[in-house]
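K.L.:
just to be clear, the model below is a prediction. Sequence and coordinates:
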Amino acid sequence: MLKKMFYSILLYLLLFCFVLHPGLVSAGPDDSVKVGIDSDISTVNILEFKLALELPVITTMHEGLMGSDPVTGKYDKGLAASIKILENRKDIKVTIEKGHTFHTGDPVTAHDVKWTYAQISNPENSCIMAGAVEEIEEIDVLDDHTLIFRFYEPYGPWTELMWIGICSKNYFEKVGREEFRKKPVGSGAFRFVDREPGEYVTLEAVDNYLYKEPVHDKKTMKRIKWTKKKLDYKTLKFLTVTDKITQLAMLETGELDLITGVMPHFVKRLERNPKIKVKRISKVPSLTGLSLQTDTYPIWKDRNIRLALRYAIDKQAIVDRVFLGEGYPLYEFISRGERGYDPNVKFEFDPEKSRKLVKTSSYVPGTPMVLSYTSASPTAPLVSTILQKYLQDIGLTVKLQQLETGTAATYARTKDRRLGHMSMYTWDGGRDPNLRLMLGVLSDSEYAEWSDRPDKEKLDKLILAQRIEPDRKKRLALIKAAYALMRKEPGGQVLFGLNQIYAMRNRIDYTWTPMEGLVFNLHRVKIVK
């Protein structure tokens, strides 16, 4: 009797430990991960996407010729086995790794690559990447796994065109455009299941999918080899929750497993919850600054008053007080997550030096200067008020005005004086500075705020040279030389960047990919056993 009772108790304990106790349950392949997203996904079709916020969903279903190394953030091979710049410096030869298949079972070929890029540039699709791929003159297919991208001229940021997810040409031609829109097919870790506009998108792990995990040298952080790993869960669901407070509550109740863009003042609340992990990363595209409308307000052509702004603002104090330390000061027109960022560039807060520079400038005391901001950032009114106080402390009279985001962009493009003497902006762009240099600094560009700067010929030459330099090291040297010139003749003031704060239920583990502004590589999410 006692023996039977002993075995009954033992069996009960085993069942409790391995079946009933959730902390010890082994996570099987049917586990799901629910991710909160800030806006509706208007399309799941990479051929016609128009918003960057749609990419976390789309890229999970598709693989590009290159992808982001999840540890370093640098671009590395994806579908491509090799990528080589040819002797003429403007053609790039790509060899596709054999063995990749679409979700239909068809192999990924060079023909699919050429077709995908043709569709991206097709006006009928109105894809946001259409303008970018126009740098490519043509794509020649040599065989099923080899092709050559032929550019009109050498193109420096060519890697920015190689992440585009490849689609199945055969599937598209079989089902037609409308069906492809409803149920696209790629070769990524997850396949499309269903979607309810404004509510959710559901994806399902591809059976027996193995993803490449890089192994790095611990000292140099260079990739030394690849390993292949299985996915850790079965279903990935993106839930549209536009309100950040609601996202927070859903994470706390377990309705969401992962949220991003957590506001700093919610961090302590989340960290007190034992079922939630909070992580942050600073090496992401993030930049807030103050532009000067030099062409429309000649006062800014006075070097002394521009230098005065360099020392007038305590950037660290803004980060600490407004963002509770979840950020960092910036001193150049480049973010931590971009190619060419130099952590050694720094200018100390020195209001006394600024006052002296203002007094020796051509500024007439009491002359009002307008500082504009928009509603694009919820903290813009507060930050603008703080900037106003700093500038008044050095002797400038500053008035604030709020503009609608589109109106401010139009004023900037048309050089309309209604934008004011200076305007606050936020840039959450990519990892490459080319677009900002070409649009915002090049003297004859549409958004250039200063078209006749003293060193414009030399600076323009560097900006145009980096654009057509395909060699990464040589191009980086050109970018750094351009920034060195901009330090000698400063324009507007870059203020700060912010950490990406993200939080998850402790049932999963995920690490943000450096240099990325959005949540990518979700196939690497691990279920905590």
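P.N.:
Received it, and whenever you're ready, just let me know what you need. Numbers count the residues shown, from 1 in each chain.

K.L.:
how does this protein divide into domains?
P.N.:
If you go by automatic domain parsing, the domain ranges for the chain are 26-41+188-283+499-529, 63-187, 287-498.

K.L.:
end to end on the second one, go ahead and measure it.
P.N.:
Between the start and the finish of domain 63-187 there is a gap of 6 Å, counting by C-alpha to C-alpha, to the nearest Å.

K.L.:
same deal with the last one?
P.N.:
Chord length of domain 287-498, first to last residue, is 7 Å (C-alpha to C-alpha).

K.L.:
run the chain-centre distance for that domain.
P.N.:
Centre-to-centre, domain 287-498 and its host chain are 20 Å apart (C-alpha atoms, centre = their mean, to the nearest Å).

K.L.:
repeat for stretch 272-290
P.N.:
On the basis of C-alpha atoms, centre = their mean, the separation between the geometric centre of stretch 272-290 and that of its chain is 13 Å.

K.L.:
helices along the stretch 301-450 of the chain, start to end?
P.N.:
Along the stretch 301-450 of the chain, the stretches classed as helices by DSSP state H, counting those that start in this stretch are 303-312, 315-322, 351-359, 380-393, 405-414, 434-436.

K.L.:
for Lys77, see how far away the residue nearest to Ile394 when sequence neighbours are not counted is.
P.N.:
Using C-beta to C-beta, 6 or more residues apart in numbering and skipping the chain neighbours, the partner closest in space to Ile394 is Ser354 (4.1 Å). Placement of C-beta: from N, CA and C, glycine included. With distances defined as C-beta to C-beta, to the nearest Å, the gap from Ser354 to Lys77 amounts to 49 Å.

K.L.:
these two: which is more packed in?
P.N.:
Neighbours of Ser354 and Lys77, each counted by other C-beta atoms under 10 Å, are more numerous for Ser354; the result is 25 against 20.

K.L.:
list the contacts for that one?
P.N.:
Residues in contact with Ser354 (C-beta atoms under 8 Å, 6 or more residues apart in numbering) are Ala308, Leu309, Arg310, Tyr311, Ala312, Ile394.

K.L.:
let's see 7 Å
P.N.:
Applying C-beta atoms under 7 Å, 6 or more residues apart in numbering, we find Ser354 in contact with Ala308, Tyr311, Ala312, Ile394.

K.L.:
and the pLDDT for the residue nearest to Ile394?
P.N.:
The model reports Ser354 with a pLDDT of 98.

K.L.:
and for Lys212?
P.N.:
Confidence per residue is given as pLDDT, and for Lys212 that number is 85.

K.L.:
wait, Gly188 touches Ile58, no?
P.N.:
No. Applying C-beta atoms under 7 Å as the test, Gly188 and Ile58 come out as separate, 9.0 Å apart.

K.L.:
can you pull the residues that touch both of those two?
P.N.:
Listed as contacting both Gly188 and Ile58 by C-beta under 7 Å, 6+ apart are Gly165.

K.L.:
of these two, who's got more company?
P.N.:
More neighbours sit around Gly188 than around the other of Gly188 and Ile58, counting by other C-beta under 10 Å; the figures are 25 against 21.

K.L.:
look up how far Ser82 lies from that one.
P.N.:
In this view, Gly188 and Ser82 are 21 Å apart by C-beta to C-beta.
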